[in-house]
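Chemist: Curious how this folds, go ahead:
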Amino acid sequence: MNVCRLLFRSAVPATLAMAFSGAAVGLTLEDYTNPSPACFNRATQPHLTVADTHIHFRPFGGESVSYHDMLKLMADNGVVFGGVMGIGQRLPWDARPGCDSYQDCRDLPANPTIKNDFVNAANFAEFKSPGRQLVFSMTFPDLARPAEIPALIALYDKEYPGLFKLMGEANVVKQALFPNGHVPVTTAQIDQWADFMKILRERNIPLALHSDLGNDTGEPTKYRLLLEHVLRTYPDNKIIWLHLGMSSQQVAMDPLNHILLLQGMLDRFPNLYLDISWGVLEQNYFSKYRQGYVDFINRNSSRIITGSDYVAYKNKQPAYNYADELKTSSAMNAYLNNDAFRNIALGQTYLTLLGMNATYNAPQICPSR
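Modeler: Numbering: from 1, shown residues only. From the prediction side, this is the model:
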């Protein structure tokens, strides 16, 4: 059999039909804290992600889904842990009606700001998150202006000491925002990150980066060297590469080359982690080349996290539907082996990465009979 066909043949678990049918049998925070003989039964419980590490509680512009509604959406879909991001860019406050997303108004800049993070933090300070464990991320950094970042971290420390456990999503290069004024960070600017990277390193705060690998116009690895420069320059910082480097501008990369590239980077950079959030991955890569990615994820599950990448646009519902986006981004979970399922869908890798495993640990998987 051809090697590529063998690598990418489909593997359909017998329980897949059950995985997304019926009401969720929900886990609770107690399942992550109490020593118990109970285990997670993959044959009867849903394969939806329980640790959604990548949720944008705030949009680029326009009205947001309310904080209370976001908590309800998480609860209704069995999500116990939420990685709360604002969005690091915000359209002008006086943008014309209908400018909710950067895609709606390509003539307007989408500039980095602290606004969304502070709204998220203020909501949490007032209302908390009963039954959910939220992890807040600083999404403000303008990585092209690194000198400003330490002072803004100090502002966060003053207003919300100890609340923010992660930094990002921050953009090294995001081609989707090019029409709105974003340009890739340069290697010279990366060299100037030392001060804020030292702060993150000392606090064990991972940095989650949106760094497009390339595009489908003949340049599949055009921007690879930017992320590699980050990893070589700051080898002791924990870096999360979001969306496996893919984007809407790159939906047709050769999957074998993609997997080999990812494996090589994990092998060379021990503090690199990968994020497999966003439906774009399922739609354009995982669903078409299932077994190759399953094998890769199973092999590296202690370095991989996942999430919906949902953006809380109130004015774009129901197209931006949390349940649908969580289901799409969770589809890969059904094919993973038990270790990978626990690490990724149930969140053990995320808890360990953030040092939360002193308090929370994912349930073990029930042995198959």
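
Chemist: which residues in the stretch 101-250 of the chain form helices?
Modeler: With DSSP state H, counting those that start in this stretch as the criterion, the stretch 101-250 of the chain has helices at 115-127, 149-159, 187-190, 194-203, 224-233.

Chemist: I'd like the ones you listed laid out as CSV, including mean neighbour count and distance to residue 26.
Modeler: For glycine as for every other residue, the C-beta is placed from the backbone atoms N, C-alpha and C. Shown next, in CSV, are those (neighbours: other C-beta atoms under 10 Å; distance: least, C-beta to C-beta, whole Å):
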stretch, mean neighbour count, distance to residue 26
helix 115-127, 17, 21
helix 149-159, 15, 32
helix 187-190, 14, 42
helix 194-203, 16, 32
helix 224-233, 17, 37
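
Chemist: Could you export the ones you listed as JSON lines, including distance to residue 338 and mean pLDDT?
Modeler: Below are those laid out as JSON lines (distance: least, C-beta to C-beta, whole Å; pLDDT from 0 to 100):
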{"stretch": "helix 115-127", "distance to residue 338": "33", "mean pLDDT": "97"}
{"stretch": "helix 149-159", "distance to residue 338": "38", "mean pLDDT": "98"}
{"stretch": "helix 187-190", "distance to residue 338": "39", "mean pLDDT": "98"}
{"stretch": "helix 194-203", "distance to residue 338": "33", "mean pLDDT": "98"}
{"stretch": "helix 224-233", "distance to residue 338": "30", "mean pLDDT": "98"}
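
Chemist: can the ones you listed go into a markdown table with extra columns for distance to residue 63?
Modeler: As requested, those are exported to a markdown table (distance: least, C-beta to C-beta, whole Å):
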| stretch | distance to residue 63 |
| --- | --- |
| helix 115-127 | 12 |
| helix 149-159 | 24 |
| helix 187-190 | 34 |
| helix 194-203 | 32 |
| helix 224-233 | 34 |
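
Chemist: nearest to residue 74, of the ones you listed?
Modeler: Closest to residue 74 of the helices of the stretch 101-250 of the chain is helix 115-127 (C-beta to C-beta; 13.2 Å).

Chemist: what angle sits between the closest one and helix 149-159?
Modeler: Angle between the axes of helix 115-127 and helix 149-159 is 20 degrees (criterion: axes from the mean of the first three to the mean of the last three C-alpha atoms, to 10 degrees).

Chemist: Distance from the chain centre to helix 115-127, please.
Modeler: Helix 115-127 has its C-alpha centroid displaced from the chain centroid by 20 Å (C-alpha atoms, centre = their mean, to the nearest Å).

Chemist: For it, name the packing helices and strands.
Modeler: helix 67-76, strand 133-138, helix 149-159 (3 or more C-beta pairs under 8 Å, 6 or more residues apart in numbering; DSSP states H and E).

Chemist: can you put these in JSON lines and add distance to residue 217?
Modeler: Compiled in JSON lines, those are given as follows (distance: least, C-beta to C-beta, whole Å):
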{"stretch": "helix 67-76", "distance to residue 217": "37"}
{"stretch": "strand 133-138", "distance to residue 217": "32"}
{"stretch": "helix 149-159", "distance to residue 217": "32"}
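
Chemist: Roughly how far does the nearest residue to residue 269 once chain neighbours are set aside sit from residue 355?
Modeler: Closest residue in space to residue 269, ignoring its immediate chain neighbours: residue 231 at 4.4 Å, by C-beta to C-beta, 6 or more residues apart in numbering. Using C-beta to C-beta, to the nearest Å, residue 231 is found at 21 Å from residue 355.

Chemist: who are the neighbours in contact with the residue nearest to residue 75 when sequence neighbours are not counted?
Modeler: Once flanking residues are discounted, residue 75 sits nearest to residue 131: 6.4 Å by C-beta to C-beta, 6+ apart. Residues near residue 131 by C-beta atoms under 8 Å, 6 or more residues apart in numbering: 28-29, 75, 80.

Chemist: Quick check: pLDDT value at residue 131.
Modeler: With respect to pLDDT, residue 131 has a value of 94.

Chemist: Also residue 111?
Modeler: The model's pLDDT for residue 111 equals 87.

Chemist: picking that back up, quick check: the residue nearest to residue 269 touching residue 267?
Modeler: No: applying C-beta atoms under 8 Å as the test, residue 231 and residue 267 come out as separate, 11.9 Å apart.

Chemist: Give me the most central residue, the chain.
Modeler: Geometric centre of the chain, nearest residue: residue 54, 3.7 Å, by C-alpha atoms, centre = their mean.

Chemist: so what strands line up beside the helix or strand containing that residue?
Modeler: Element membership of residue 54 [criterion: DSSP states H and E] is strand 51-56. Paired neighbours of strand 51-56 in the sheet (DSSP bridges): strand 81-85 (parallel), strand 310-311 (parallel).

Chemist: And the next helix or strand past the shortest one?
Modeler: By that I understand strand 310-311. Assigned by DSSP H and E, the successor of strand 310-311 is helix 322-330.

Chemist: Which strands or helices does that next one pack on?
Modeler: Checking 3+ C-beta pairs under 8 Å, 6+ apart, helix 322-330 ends up next to helix 67-76, helix 279-281, strand 310-311.

Chemist: run the last query once more with 6 Å
Modeler: With contacts taken as 3 or more C-beta pairs under 6 Å, 6 or more residues apart in numbering; DSSP states H and E, helix 322-330 sits against helix 279-281.
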